[in-house]
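In: sequence first, then the predicted structure:
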Amino acid sequence: MTDVAVSGSIAEAAGSRLRGLLKGPLLFPILLGALLIVVIAATSVGGAGIPLARIPAALGLADPVAMTERDRLVLLSVRLPRIAIAIIIGALLAASGAIMQGLFRNPLADPALVGVSSGGALAAATTIVIGDRMTGHTTPLPFAVLPIAAFGGSLITTAILQRLASRGRTTSIAIFLLAGLAIAALAGAGIGLLVFIADDRALRDITFWMLGSLGGATWEKVSLIAPFLLAMFAAVPFLGRGLDLLVLGESEAFHMGIAVERLKRICIVLIAAMTGAAVAFAGVVGFVGIVVPHLLRLVIGPGHRKLLPASAILGAILLLGADTAARTIAAPAEVPIGVLTALVGAPFFLVLLLRQRGLAGL
Amino acid sequence: MSVLDVQNLSVKIGAKRLLDGVSFSVAQGETVAVIGPNGAGKSTLLRALSGEIAPSDGAVLLGGRAPQAWQPRELALRRAVLSQHVAVTFPFTVLEIVRMGAGDRRGKSIDAMAEAALAAVDLAGFHSRIIGTLSGGEQQRVHFARVMVQLACGEEAHGPGILLLDEPTASLDLRHQLDLVAVAQQCAARGTTVIAIVHDLNLAALMAERVIVLANGRLAADGPPAVTINDATLSDVFGVSSAVGLTPQAGAPFVLPHRAERLRA
């Protein structure tokens, strides 16, 4: 055996050993540990850097040192809420992607694909343009208006889709997917029209919304969005088994004791609420919902009982990492986070697809 | 005692009547083969028996109640279904698929059940293979093992149940076809009621003690294979002229079709 082959087989053995550890009881400790490391890094870096040594004092865990007051202000009112919202939105995006892929039995499904995100973005863009005209370009819109519009847009889009795809008590997932593609295109056209008629200021707001941003996070926003994540975690035991069996097909899932129509309705409501909440506070942030579950399936397998919570944590890690990079690489300016996730996520996803092509027969 | 009653069952989809006034009862532990030409309503009958579709008229009673009246979870402990094609998109392992038959239950007893089921379908040692990498016939056997685990769990909870099979041997080689028939017969010997759609008439005669013949959504014949599988049925229902003989050992009929003929109206 050549050296290359030996080192290759050692790397393979190490890889399969790591995979074994991740599949076992170490999965969640490792993910949570990684999240903690990213949180600590995100706390420290930024436009107003706070060295790690000063963080305990700023949080009131150690005696005050120089700059403690400034550090405290930056940490508590700017950085920590932003970290919290990045964690929650990353978790919502990744978990809603995983739920939608299970529901559609398609690893490429994503709320952005069926227009749930675009519906929210269209509602937000409409609000920006109309609001701008109504207020006569003078006063900014009240804080809650835009998130409520985006959330409502996502829910209404989902309700329309659900209506289109339902006949009697059954919902056709194929019609849902295809109608979703049409609605996404329609929402895209609507946004294009708004961009066309918008003035410069509204255009800047719309662009900001379309490209995604976690700027302007507050504890108030965190408290508004956190219940959506809790709802997802509460639903995991029911969803986990149901989505696993749904992989075999709707008939099989029913044969094995799943109330399929109820499961589909719960999934659709959850996806709408989770995506709506994410779009409401961060704009359109793509690829987290596709890349995270895909990556995890390669390592821990496709079982949803583990996949859903693990996707939530890995999504949180990735979005927090991306947001930290977004606000530091061009500081004091911020790179739009949606641009960053797409720049990193899309090529990464292509590589995964190509590597998997042979194995999955795609 | 009958465990399954079909009373004047009709199923319409739109204006099309797929089943028309079908009635029969099945006793516990019986093995029944359902035969008939394409479009005769066999799969519709199986879907109605499984509770997947509701009758337009008449009734299906499973343990005295309509399948729709059971909670899906309770129904799953009383009847298991093996469909003809099951496509799995995600990379589940063979063992994960087979364990799905046990629902929420986990533990050593379920692992033992899964092992036994995999051994019964000649797939011992395939546990950690990804299902998508197996051949069509092997995948079908994995799903049969999953259904066996579901039946075993139901049997622990409520005694022997009902096994519904939709062309279970379609993608199997000869040896595994016979294996599957043997396993189904062992289930029946333990009290499980087996109802299978079978295209191969010889296999139907070998497997079942009773054959139900469907034609154009109606019951054309119902009785032991020696009575139902005959020249007249094959000619009237399938439009095939054939020689029907008896196997030397089992005395079951066997069919040697030799010519397609025009179907009688």
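Out: Cool, got the structure. All values derive from a computational prediction rather than experimental measurement.
In: low-confidence ranges, the chain, go.
Out: As the question left the chain open, I've gone with chain A. A:1-19, A:47-48, A:62, A:64-66, A:135-143, A:168-171, A:356-362 (pLDDT under 70).
In: was after chain B, sorry
Out: B:262-265.
In: contacting residues around the residue of it found nearest chain A?
Out: For chain B, the residue closest to chain A is B:A76, as judged by Cβ to the nearest Cβ, at 3.1 Å. For glycine as for every other residue, the C-beta is placed from the backbone atoms N, C-alpha and C. B:A76 makes contact with A:H255, A:M256, A:G257, B:G103, B:Q150, B:G154 under the criterion Cβ atoms under 8 Å, 6 or more residues apart in numbering or on different chains.
In: isn't the fourth one right up against A:G242?
Out: No - because the distance of 11.0 Å does not satisfy Cβ atoms under 8 Å, B:G103 is recorded as not touching A:G242.
In: the more surrounded of the two?
Out: A:G242 (24 against 20; other Cβ atoms under 10 Å in any protein chain shown).
In: before we move on, back to that, so which of the contacts of B:A76 are in helices?
Out: A:H255, B:Q150, B:G154 (DSSP state H).
In: give me the residue from the stretch 1-150 of chain A nearest chain B.
Out: A:R105 (4.7 Å).
In: who touches that residue in this structure?
Out: A:I173, A:L246, A:V247, A:G249, B:T89, B:F90.
In: hang on, isn't the second one packed against A:V260?
Out: Yes - in this structure, A:L246 sits in contact with A:V260. The criterion is Cβ under 8 Å, and the distance is 7.2 Å.
In: shared neighbours, these two?
Out: Listed as contacting both A:L246 and A:V260 by Cβ under 8 Å, 6+ apart are A:A253.
In: of the two, which one has the most company?
Out: A:L246 (25 against 21).
In: check contacts around that one.
Out: Counted by Cβ under 8 Å, 6+ apart, A:L246 has contacts A:G102, A:L103, A:R105, A:A253, A:I258, A:V260, A:L263.
In: hmm, 6 Å instead?
Out: Shown in contact with A:L246 (Cβ atoms under 6 Å, 6 or more residues apart in numbering or on different chains): A:A253.
In: and the helix or strand hosting A:I206, C-alpha only, in PDB?
Out: Assigned by DSSP states H and E, A:I206 falls within helix A:200-211. Output in PDB follows, covering the C-alpha atoms of helix A:200-211 (Å, rounded to 0.1, in the frame of the first residue of the first chain):
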ATOM      1  CA  ASP A 200     -34.600  56.300  -4.100                       C
ATOM      2  CA  ARG A 201     -35.300  56.100  -0.400                       C
ATOM      3  CA  ALA A 202     -37.900  53.400  -0.700                       C
ATOM      4  CA  LEU A 203     -35.600  51.600  -3.100                       C
ATOM      5  CA  ARG A 204     -32.800  51.500  -0.500                       C
ATOM      6  CA  ASP A 205     -35.200  50.200   2.100                       C
ATOM      7  CA  ILE A 206     -36.500  47.500  -0.200                       C
ATOM      8  CA  THR A 207     -33.000  46.500  -1.200                       C
ATOM      9  CA  PHE A 208     -32.000  46.300   2.400                       C
ATOM     10  CA  TRP A 209     -35.000  44.000   3.100                       C
ATOM     11  CA  MET A 210     -34.300  41.800   0.100                       C
ATOM     12  CA  LEU A 211     -30.700  41.300   0.900                       C
END
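In: need the longest helix for chain A.
Out: Chain A, longest helix under DSSP H: helix A:219-246.
In: buried ones in it, by neighbour count?
Out: For helix A:219-246, the neighbour count (16 or more other Cβ atoms under 10 Å in any protein chain shown) marks A:221-222, A:224-225, A:228-229, A:232, A:235-236, A:239-246 as buried.
In: now do the SS call for the spatially most central residue of chain B.
Out: When Cα atoms, centre = their mean is applied to chain B, the residue found nearest the centroid is B:L165 (1.9 Å). Per DSSP: H, G, I helix; E, B strand; the rest coil, the local secondary structure of B:L165 is strand.
In: correct me if wrong: it contacts B:L82.
Out: Yes - here B:L165 reaches B:L82: they are 4.9 Å apart, a contact under Cβ atoms under 6 Å.
In: contact residues of the stretch 251-362 of chain A facing chain B?
Out: A:S251, A:E252, A:H255, A:M256, A:G257, A:A259, A:P302 (Cβ under 6 Å from any Cβ of the partner chain).
In: in the stretch 251-362 of chain A, what residue is nearest chain B?
Out: A:G257 (3.1 Å).
In: counting neighbours, what do you get for that residue?
Out: Other residues close to A:G257 by other Cβ under 10 Å number 23.
In: then the one 5 residues further on?
Out: Neighbour count for A:R262, taken as other Cβ under 10 Å: 13.
In: buried stuff in the helix or strand hosting it?
Out: Taking DSSP H and E as the criterion, A:R262 maps to helix A:260-282. Applying a neighbour-count criterion of 16+ other Cβ under 10 Å, one finds A:260-261, A:263-264, A:266-282 buried in helix A:260-282.
In: likewise for stretch B:26-39?
Out: Neighbour-count burial for stretch B:26-39 flags B:V26, B:Q28, B:G29, B:E30, B:T31, B:V32, B:A33, B:V34, B:I35, B:G36, B:P37 (criterion: 16+ other Cβ under 10 Å).
In: over to stretch A:95-106?
Out: Neighbour-count burial for stretch A:95-106, counted by 16+ other Cβ under 10 Å, picks out A:A95, A:S96, A:G97, A:A98, A:I99, A:M100, A:Q101, A:G102, A:L103, A:F104, A:R105.
In: could you do stretch B:5-18 as well?
Out: Buried-residue list, stretch B:5-18, by 16+ other Cβ under 10 Å: B:D5, B:V6, B:L9, B:S10, B:V11, B:R17, B:L18.
In: for the contacts of A:R105, work out which two are farthest apart.
Out: Farthest pair in these (Cβ to Cβ) is A:I173 and B:F90. Separation: 15.2 Å.
In: more neighbours: which of the two?
Out: Taking other Cβ under 10 Å, A:I173 and B:F90 do not tie; B:F90 has more neighbours (25 against 19).
In: Three-state assignment for the more buried one, please.
Out: Per three-state DSSP, B:F90 ends up coil.
In: check contacts around the nearest residue to it once chain neighbours are set aside.
Out: Nearest non-adjacent residue to B:F90, counting by Cβ to Cβ, 6 or more residues apart in numbering or on different chains: A:P302, 3.6 Å away. A:P302 makes contact with B:F90, B:P91, B:F92, according to Cβ under 6 Å, 6+ apart.
In: contacting residues for the second one?
Out: Shown in contact with B:P91 (Cβ under 6 Å, 6+ apart): A:P302, B:I130.
In: quick check: phi and psi on it?
Out: Backbone geometry at B:P91, expressed as degrees, to the nearest 10, gives phi -80, psi 60.
In: that one and A:D200, how far apart?
Out: 50 Å (Cβ to Cβ, to the nearest Å).
In: likewise for the first one?
Out: In this view, B:F90 and A:D200 are 47 Å apart by Cβ to Cβ.
In: in the chain, which spans are strands?
Out: In the absence of a named chain, chain A is used. A:166-167, A:170-171 (DSSP state E).
In: you answered for a different chain; I wanted chain B.
Out: Counting by DSSP E, the strands of chain B are B:2-13, B:16-27, B:31-35, B:57-62, B:79-82, B:162-166, B:193-197, B:210-215, B:218-223, B:240-246, B:253-260.
In: contacting residues around the last one?
Out: Contacting residues not belonging to strand B:253-260 are listed as B:201-202, B:205, B:225-226, B:229, B:240-247 [Cβ under 6 Å, 6+ apart].
In: which two of the residues you listed have the greatest separation?
Out: B:S241 and B:T247, at 20.5 Å, using Cβ to Cβ across the contacts of strand B:253-260.
In: quick check, B:V34 in contact with B:V211.
Out: No - contact criterion Cβ under 6 Å: B:V34 and B:V211 do not qualify, at 7.8 Å.
In: centre of the chain to stretch B:159-171, how far?
Out: Relative to its chain's centre, stretch B:159-171 lies at 3 Å (Cα atoms, centre = their mean, to the nearest Å).
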